[in-house]
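Engineer: 3D model of this:
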Amino acid sequence: MAILGGVLTLGGYKLLFNTPIVLQSTVNSIPQILETVYSSSDKTLNAAEMTTDFTVAAEKTIHAVVHVKNTTIRTQVNRRDLFFGLGNRERKYEQVGTGSGVIISADGYVVTNNHVIDGATDLEITLNNKKKYQAELIGRDVANDIALLKIEADTELSYIPFANSDAIKIGEWVLAVGNPYNLTSTVTAGIVSAKGRDLEGNRNIESFIQTDAAVNPGNSGGALVNARGELIGINTAISSKTGSFIGYSFAVPSNIAKKIINDILEFGIVQEAILGITVDPNYQGQGVKVVAVIRQAGNLGLEELKSGDIIKKINEIKISKFSELKGQLTAKRPGDSVKVTIARATKVFVKTIVLSKKEVPILSTALGWELKDLSMDEIKNRRIKAGVKIVRDRKYGLQNYIITKINGQEVKNAQETAKRLNNLYTSSYANNIIELLNIEGERERIRF
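Structural biologist: Below you'll find the predicted structure:
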């Protein structure tokens, strides 16, 4: 009876009260609780984001950073010999400087700073395995403090591949590899503190990568690499009142160094690209303010820029100050196209502009004149066969005058004219005549 009563009760409950219940989870997947030391096996993650273990990057780069020895022969006059009349009064001595360099190809090309090898009569490269080689200077760029050397080795050498320095981020881990104080194969770590840094009082290099990786004398010319062991900069300078590292170091970005090296190998000199504008150095906003547009041959699309425009980006790189704009242009060649993001009043738009080549000024140092070849239109309008324009004159007020003859001989081009004018001061000819056209087109003569 008890069993029968239980069965009847259970059956009635099932029939009358037990309807299906559906539960919906608000969690898409079961959450995992992970230890903080967990290393993901996900291959899509950036290795630099997963770990601060730099052993792989150090191993990749330490054998490709070299010691650079610069030997210079100096001549010194001994004052005692000069006073007492002893000997030839001149003594030669060796002056030795040291720094670092980075092997960038298996066949022995080495990049370093220009100030590491400046004035050298002998260059010696020492590898991490203590092998020594004589180095040949291939070329250099004083403005950006980069020099290219070449050594001849009997085997393929370890080298560091270039990375895109525009892609690095503030806060990213970096390693400085070099030879401070002749301590070979030294690796220090830090983060990227700033990009596009311009140093006060330094007008040559204006787009450094700033880091807090320890860099000291002897590190110059060494490698700044990312956590994958790729080259993102050439260590160049420190900010210090003592001469030793106090927390800030600076490197030439790899994009700039790579472009300079390619120019040296292909042309022998650096091809400097310009946008064709003058800028407002006192502008305090984000971007670069255009003051004037300088129209040059080759600057296609430049007419899209106007005075007062604010340059916000070059390609997809944000521009917040002039040093960042300079850094982007330094890494480009004349003839390259760039997409310029421009803010004008309330509008923002993008225009493509072709960069032109910076003209190297031609100077007559004797007279203080900067000279320029005349265009075909200027020759036609002036009704002359040839001439050279004085575009700058700090002594005589002859700016925009045109030189037509020197001592009765027609001038041909600015380069030759500058040499002839300089030679006038070294010749014994005392009655020199320079014939010119003034701004009104009238002929004048200068006799001296």
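Engineer: And Thr9, what's its pLDDT?
Structural biologist: pLDDT recorded at Thr9 is 67.
Engineer: for Glu200, that is, sorry about that
Structural biologist: Glu200 is given a pLDDT of 60.
Engineer: low-scoring stretches of the chain, by residue?
Structural biologist: 7-51, 75-90, 200-206, 241, 295-299, 425-430 (pLDDT under 70).
Engineer: Please enumerate the helices of it.
Structural biologist: Using DSSP state H, the helices of the chain run over 2-16, 47-50, 55-61, 79-84, 114-117, 254-267, 322-330, 376-382, 414-424.
Engineer: Just give me the neighbour total for Ser105.
Structural biologist: 15 (other Cβ atoms under 10 Å). Yep, even glycine has a C-beta here, placed from its N, CA and C like the rest.
Engineer: now the helices of the chain in TSV, with distance to Thr98 and mean neighbour count?
Structural biologist: Below are those laid out as TSV (distance: least, Cβ to Cβ, whole Å; neighbours: other Cβ atoms under 10 Å):
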stretch	distance to Thr98	mean neighbour count
helix 2-16	92	9
helix 47-50	31	13
helix 55-61	19	17
helix 79-84	30	10
helix 114-117	8	21
helix 254-267	20	20
helix 322-330	28	22
helix 376-382	53	11
helix 414-424	39	17
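Engineer: Could I get these in a markdown table, plus columns for distance to Glu370?
Structural biologist: Listed next are those as a markdown table, based on distance: least, Cβ to Cβ, whole Å:
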| stretch | distance to Glu370 |
| --- | --- |
| helix 2-16 | 105 |
| helix 47-50 | 49 |
| helix 55-61 | 45 |
| helix 79-84 | 41 |
| helix 114-117 | 26 |
| helix 254-267 | 24 |
| helix 322-330 | 22 |
| helix 376-382 | 16 |
| helix 414-424 | 9 |
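Engineer: What distance do you get for the residue sitting nearest the centre point of the chain to Leu123?
Structural biologist: Most central in the chain under Cα atoms, centre = their mean is Ile256, positioned 3.5 Å from the mean C-alpha point. Ile256 sits 23 Å away from Leu123, going by Cβ to Cβ, to the nearest Å.
Engineer: next one: Gly221
Structural biologist: In this view, Gly221 and Leu123 are 12 Å apart by Cβ to Cβ.
Engineer: any common contacting residues for those two?
Structural biologist: Shared contacts of Gly221 and Leu123, defined by Cβ atoms under 8 Å, 6 or more residues apart in numbering, are found at Val68.
Engineer: Of these two, which one has the most company?
Structural biologist: Taking other Cβ under 10 Å, Gly221 and Leu123 do not tie; Gly221 has more neighbours (32 against 22).
Engineer: Next up, the contacts around the more buried one.
Structural biologist: Contacts of Gly221 (Cβ under 8 Å, 6+ apart): 68, 99-102, 111-113, 116, 147, 178, 234-236.
Engineer: out of everything not next to it in sequence, what's closest to it?
Structural biologist: Thr112 (3.3 Å; Cβ to Cβ, 6 or more residues apart in numbering).
Engineer: Isn't the one you found up against Ile234?
Structural biologist: Yes - using Cβ atoms under 8 Å, Thr112 makes contact with Ile234 at a distance of 7.5 Å.
Engineer: residues shared between the contacts of these two?
Structural biologist: Common neighbours of Thr112 and Ile234 (Cβ under 8 Å, 6+ apart) are 102, 146, 221.
Engineer: who's the first one bridged to?
Structural biologist: This points to Val102. On the basis of DSSP bridges, Val102 takes part in beta bridges with Val65, Val111.
Engineer: ok, now how distant is it from Val270?
Structural biologist: Val102 is 19 Å from Val270, by Cβ to Cβ.
Engineer: Look at the two and report which has more neighbours.
Structural biologist: Taking other Cβ under 10 Å, Val102 and Val270 do not tie; Val102 has more neighbours (28 against 22).
Engineer: Tell me how far that one lies from Asp212.
Structural biologist: Val102 is 21 Å from Asp212, by Cβ to Cβ.
Engineer: ok, now Ser337?
Structural biologist: 36 Å.
Engineer: Those two: which is more packed in?
Structural biologist: The residue with more neighbours, out of Ser337 and Asp212, is Asp212; 17 against 13, by other Cβ under 10 Å.
Engineer: Spatially nearest residue to the more buried one, not counting backbone neighbours?
Structural biologist: Spatial nearest neighbour of Asp212, excluding adjacent residues (Cβ to Cβ, 6+ apart): Gly190 at 4.1 Å.
Engineer: That neighbour bridge partners, please.
Structural biologist: Residues in beta-bridge contact with Gly190 (DSSP bridges): Val174.
Engineer: Verify the stated contact: it with Ala214.
Structural biologist: Yes - using Cβ under 8 Å, Gly190 is in contact with Ala214, at 7.1 Å.
Engineer: residues shared between the contacts of these two?
Structural biologist: 176, 249.
Engineer: From Glu435, how far out is Asn179?
Structural biologist: For Asn179, the distance to Glu435 - Cβ to Cβ - is 60 Å.
Engineer: Could you check which of the two has the larger neighbour count?
Structural biologist: Legend: neighbour count by other Cβ under 10 Å for Asn179 and Glu435, higher for Asn179 (26 against 19).
Engineer: Please tell me how far that one sits from Gln134.
Structural biologist: 18 Å.
Engineer: and what of Gly97?
Structural biologist: The separation that Gly97 has from Gln134, given Cβ to Cβ, amounts to 16 Å.
Engineer: neighbour count winner among the two?
Structural biologist: Neighbours of Gly97 and Gln134, each counted by other Cβ under 10 Å, are more numerous for Gly97; the result is 18 against 10.
Engineer: my read: that one touches Thr112, true?
Structural biologist: No - the criterion here is Cβ under 8 Å, and Gly97 misses it with Thr112 at 11.5 Å.
Engineer: re the thing from before, Lys130: which of the helices of the chain is closest?
Structural biologist: helix 55-61 (17.7 Å; Cβ to Cβ).
Engineer: could I have stretch 383-399 exported to CSV, CA atoms only?
Structural biologist: Extracted C-alpha coordinates of stretch 383-399, given in CSV (Å, rounded to 0.1, in the frame of the first residue of the first chain):
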residue,chain,number,x,y,z
ARG,A,383,67.2,89.0,-73.4
ILE,A,384,70.6,87.7,-72.6
LYS,A,385,72.6,84.7,-73.7
ALA,A,386,73.5,83.5,-70.1
GLY,A,387,73.7,84.7,-66.6
VAL,A,388,73.9,83.9,-62.9
LYS,A,389,71.6,85.4,-60.3
ILE,A,390,72.8,86.7,-56.9
VAL,A,391,70.1,85.3,-54.6
ARG,A,392,71.7,86.5,-51.4
ASP,A,393,74.3,89.2,-50.8
ARG,A,394,75.3,90.2,-47.2
LYS,A,395,77.9,92.8,-48.2
TYR,A,396,77.0,95.0,-51.2
GLY,A,397,73.2,95.0,-51.5
LEU,A,398,73.2,93.3,-54.9
GLN,A,399,70.5,90.7,-54.2
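Engineer: and the closest residue to Val116 other than its chain neighbours, how many neighbours?
Structural biologist: Nearest non-adjacent residue to Val116, counting by Cβ to Cβ, 6+ apart: Gly99, 3.5 Å away. Gly99 sits with 24 neighbouring residues when counted by other Cβ under 10 Å.
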